[in-house]
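> Provided below are the primary sequence and the corresponding predicted coordinates.
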Amino acid sequence: MSGRNADRKNGGQLETLDDLSKAVNYNKWIFDLIKPHLGKRVLEVGCGTGNIIQYMTHKNILGVDIEKVYINIAKERFKNKKNIKFQLFDLGKSLGSFKKFKPDTIICINVLEHIEKDEKFIKECESLLSPGGKLIIFVPAMPSLYGEMDKTYGHFRRYTKSEVVQKLRKKFKVENGEYLNISGIFGWWLNGKILKRKIIPQDQMMLYDRVFKYVFMLEKIIPKPFGLSVFVVGEKTSK
């Protein structure tokens, strides 16, 4: 199913997810970031259509999302994987209903910015995990970049690294905290702040994806005092 033929009541988010499903290098980059921190039972909150789950098909996975159309696409996409389940879920409600799943890892890729009470959500994640469990957060960075595309995608905010780390430290031991994707800053600023575009143009996304693996190799060796995204991992250390 193509996002371009789907109902666009979501302001273009499905169209962007459809484009992201083709952004192989970008998706693999995110998976490589989270891979060292994954356990055996993974809850992905805001799973979308399964662009990251496609790399974790050997894990026991529960993917949840607020959008029914995303869940339907994901179910069809992974219909032959009995270890991967999907469920419709309102992010404004309690995560307590997932206790039975017993996750040892919770993944939130570009999700926290959609939740108005983000600290309450982090607290619920901590309650859901056993000691040693991991909460993996990947969010848009640099509040100064907040523009039309953020509004279209339903973002309440963009973060600084220190803000995310501070919020996680209230409930978790922070293992990792870093800025990423310096090279993507100009494109987001130009499209969202200057050109006032509502969504990322597909041609730009595909072009960037083609060169992304080389960009990321460079970012591994240069300092990153800022970036388009923040990546933080927290570990639950007590009951």
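Done, it's in.
> going along the chain, name the helices of this protein.
Using DSSP state H, the helices assigned to the chain run over residues 13-20, 24-34, 68-77, 118-128, 148-152, 161-169, 185-188, 202-219.
> how about the last one: buried residues?
Right, helix 202-219. Using 16 or more other Cβ atoms under 10 Å as the test for burial, helix 202-219 gives 205, 208-209, 212, 216, 219. (C-beta placed from N, C-alpha, C; glycine too.)
> what do you get for the shortest one?
Judged by neighbour count (16+ other Cβ under 10 Å), helix 185-188 contains these buried residues: 185, 187-188.
> again with the fourth one
Along helix 118-128, these residues count as buried under the neighbour rule (16+ other Cβ under 10 Å): 118, 121-122, 124-126, 128.
> who's in contact with it?
Here helix 118-128 makes contact (Cβ atoms under 8 Å, 6 or more residues apart in numbering) with 43, 91, 94-96, 98-99, 103, 106, 108, 112, 115, 135, 156, 167-168, 170-172, 236.
> quick one, grab the pLDDT at residue 21.
Residue 21 is assigned 65 on the pLDDT scale.
> circling back to that earlier point, could you dump the helices of the chain into a markdown table with distance to residue 58 added?
A markdown table is the format used below for those (distance: least, Cβ to Cβ, whole Å):
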| stretch | distance to residue 58 |
| --- | --- |
| helix 13-20 | 22 |
| helix 24-34 | 12 |
| helix 68-77 | 16 |
| helix 118-128 | 22 |
| helix 148-152 | 34 |
| helix 161-169 | 27 |
| helix 185-188 | 34 |
| helix 202-219 | 23 |
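> for those helices, which one sits closest to residue 227?
Shortest distance between residue 227 and the helices of the chain, using Cβ to Cβ, is found for helix 185-188: 7.1 Å.
> CA-only coordinates of the closest one in PDB, if you can.
Provided in PDB are the C-alpha atoms of helix 185-188 (Å, rounded to 0.1, in the frame of the first residue of the first chain):
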ATOM      1  CA  ILE A 185      20.500  20.300   9.800                       C
ATOM      2  CA  PHE A 186      20.700  22.500   6.700                       C
ATOM      3  CA  GLY A 187      18.000  20.600   4.800                       C
ATOM      4  CA  TRP A 188      15.600  20.700   7.700                       C
END
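> off-centre distance for that helix?
18 Å (Cα atoms, centre = their mean, to the nearest Å).
> and the contacts of it?
By Cβ under 8 Å, 6+ apart, the list of residues contacting helix 185-188 reads 142, 145, 147, 149, 200, 204, 208, 226-228.
> contacts only, for residue 132.
104, 235-237.
> if we use 7 Å, what do you get?
235-236 (Cβ atoms under 7 Å, 6 or more residues apart in numbering).
> tell me the pLDDT of it.
Residue 132 is given a pLDDT of 96.
> quick check: which ranges of this protein have low pLDDT?
The model of the chain has pLDDT under 70 over residues 1-21, 239.
> need the residue closest to the centroid of it.
residue 109 (1.2 Å; Cα atoms, centre = their mean).
> check whether it really touches residue 53, as I assumed.
No. Contact criterion Cβ atoms under 7 Å: residue 109 and residue 53 do not qualify, at 10.2 Å.
> quick check: residue 92 vs residue 114, distance?
10 Å (Cβ to Cβ, to the nearest Å).
> so which of these two has more stuff around it?
residue 114 (19 against 11; other Cβ atoms under 10 Å).
> still on that earlier bit, now the buried members of the contacts of helix 118-128.
If we count by 16+ other Cβ under 10 Å, the contacts of helix 118-128 have these buried: 43, 91, 95, 98, 103, 106, 108, 112, 115, 135, 167-168, 171-172, 236.
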